[in-house]
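Enquirer: requesting a structural model of the entry that follows:
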Amino acid sequence: MGLITTLMERRATIEGPLPLTAQRIIEWLTGEPTAAGIPLNQAGSLKLAAVWASVRVISEDIASLPLITYRRLDRGKERATAHRLYRLLHDEPNPFMTAMQFRETLQGHVLLWGNGYANIERDEDGAPIALWPLRPDRMDTPVVSEAGMLLYRYHMPSGEPRSLTQSEVFHLRGLSPDGIIGYSPITLHRQSLALSLALQEYGARFFGNDSRPGGILQAKTKLSKEAADRMKASWETAHQGLAKAHRVAVLEEGVEWKQVGIPPEDAQYLESRRFQISEVARIFRMPPHKIQDLERATYSNVEEQSISYVSDTLRPWLVRWEQQSNKDLLMPSERGRIFCEHLMDALLRGKTLERFQAYQL
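Expert: As a prediction, the model looks like this:
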């Protein structure tokens, strides 16, 4: 119980697998630098509404589907409600979380980091009795031991490293180059997401400066530094910000206002922001309407896309959950007789017309 107890500590730390340096502190807090000039990490990517919506929708939809433990019969199957795994996956994986909270957390991790980890607590017979989520940013890349088993190194909230064997870790992976560690979508697409954040920040600053990209106050006579600073401060006090937009300006004699910069419509600002929403949707394989981009949505194509969302977006993740649960959580003697499977009836109703045609048969 030492690992479990320490996991519940709520002390913040930036200790990790690498030496603590000033550069590492900056990257840990803000993310790695990008060409757009905005650092980005997994937490920072959630500031983008499209990323937040994609991660939230997929995580909630998958976590809300019941993950059932079944017993295989000669013909068909039945729910293995008395099996210890049924409670862990369907109801309560640990005393602090519901099944939905646990699976939502791990799914969110794997969507952002490419990997979701949980510590498997076992009894004296080796059977799982609890599952505890682990933070992906505290886990080193697993290595293969001489015995052919994966070894994990996790850094506790105190900074102390702990070694975990393959039998102690439930490891859910996304797309992977080697089957051991998954790609992080945020890391791979850091430049594209940073551009989205840059556009978002540009728009906020644009409106924060009275919807003007910039300008100059030009005087016909030479001004002293004090007079120039005073004029600039007076102008910003009177006109900067949305609350002061479109006020009448009174300029002193010989002073002219000249706008400089490129207006957002000329720079195709709005089109760029729309394109970045599509970029995020591609990364997470999301139909646009699922993240509330309804520009091209109609009743008929939304219904088709919702079915495609289940088969193309959710199904691969559901299969990953099922197969990893069977592999990591079942005892060797149970495999083949006991298995885990999602209950997807509510998501597979089909189109309205097809359902009513089927009812008439």
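
Enquirer: which residue ranges of the stretch 1-150 of the chain form strands?
Expert: 67-72, 77-79, 115-122, 128-134, 143-144, 150-155 (DSSP state E, counting those that start in this stretch).

Enquirer: can I get those in a markdown table with mean neighbour count, distance to I338 and mean pLDDT?
Expert: Bear in mind the C-beta positions are built from the backbone N, C-alpha and C, glycine included. Converted to a markdown table, the strands of the stretch 1-150 of the chain look like this (neighbours: other Cβ atoms under 10 Å; distance: least, Cβ to Cβ, whole Å; pLDDT from 0 to 100):
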| stretch | mean neighbour count | distance to I338 | mean pLDDT |
| --- | --- | --- | --- |
| strand 67-72 | 18 | 6 | 95 |
| strand 77-79 | 12 | 10 | 95 |
| strand 115-122 | 21 | 16 | 97 |
| strand 128-134 | 21 | 12 | 96 |
| strand 143-144 | 12 | 28 | 92 |
| strand 150-155 | 18 | 23 | 95 |
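
Enquirer: let me know which of these is the nearest to P288.
Expert: strand 115-122 (25.7 Å; Cβ to Cβ).

Enquirer: neighbours around the nearest residue to A194 once chain neighbours are set aside, how many?
Expert: Spatial nearest neighbour of A194, excluding adjacent residues (Cβ to Cβ, 6 or more residues apart in numbering): T34 at 3.7 Å. Residues near T34, counting by other Cβ atoms under 10 Å, number 17.

Enquirer: measure T34 to I186 for me?
Expert: 11 Å (Cβ to Cβ, to the nearest Å).

Enquirer: now do the shared contacts for these two.
Expert: L40 (Cβ atoms under 8 Å, 6 or more residues apart in numbering).

Enquirer: Serialize the strands of the stretch 1-150 of the chain to CSV and add fields for distance to H109.
Expert: Formatted as CSV, those follow (distance: least, Cβ to Cβ, whole Å):
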stretch, distance to H109
strand 67-72, 17
strand 77-79, 28
strand 115-122, 4
strand 128-134, 7
strand 143-144, 20
strand 150-155, 13
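
Enquirer: out of those strands, which gets nearest to S192?
Expert: Nearest of these (Cβ to Cβ): strand 115-122, 20.9 Å.

Enquirer: what mean pLDDT does stretch 277-288 have?
Expert: When pLDDT is averaged along stretch 277-288, the result is 88.

Enquirer: buried residues, it. List them.
Expert: Neighbour-count burial for stretch 277-288 flags 277, 280-281, 283-284, 286-288 (criterion: 16 or more other Cβ atoms under 10 Å).

Enquirer: which among those gets closest to A99?
Expert: The closest of those, once distances to A99 are taken by Cβ to Cβ, is F284, at 23.1 Å.

Enquirer: would you mind measuring from that closest one to A194?
Expert: Distance from F284 to A194, by Cβ to Cβ: 17 Å.

Enquirer: ok, now A147?
Expert: According to Cβ to Cβ, A147 and A194 sit 42 Å apart.
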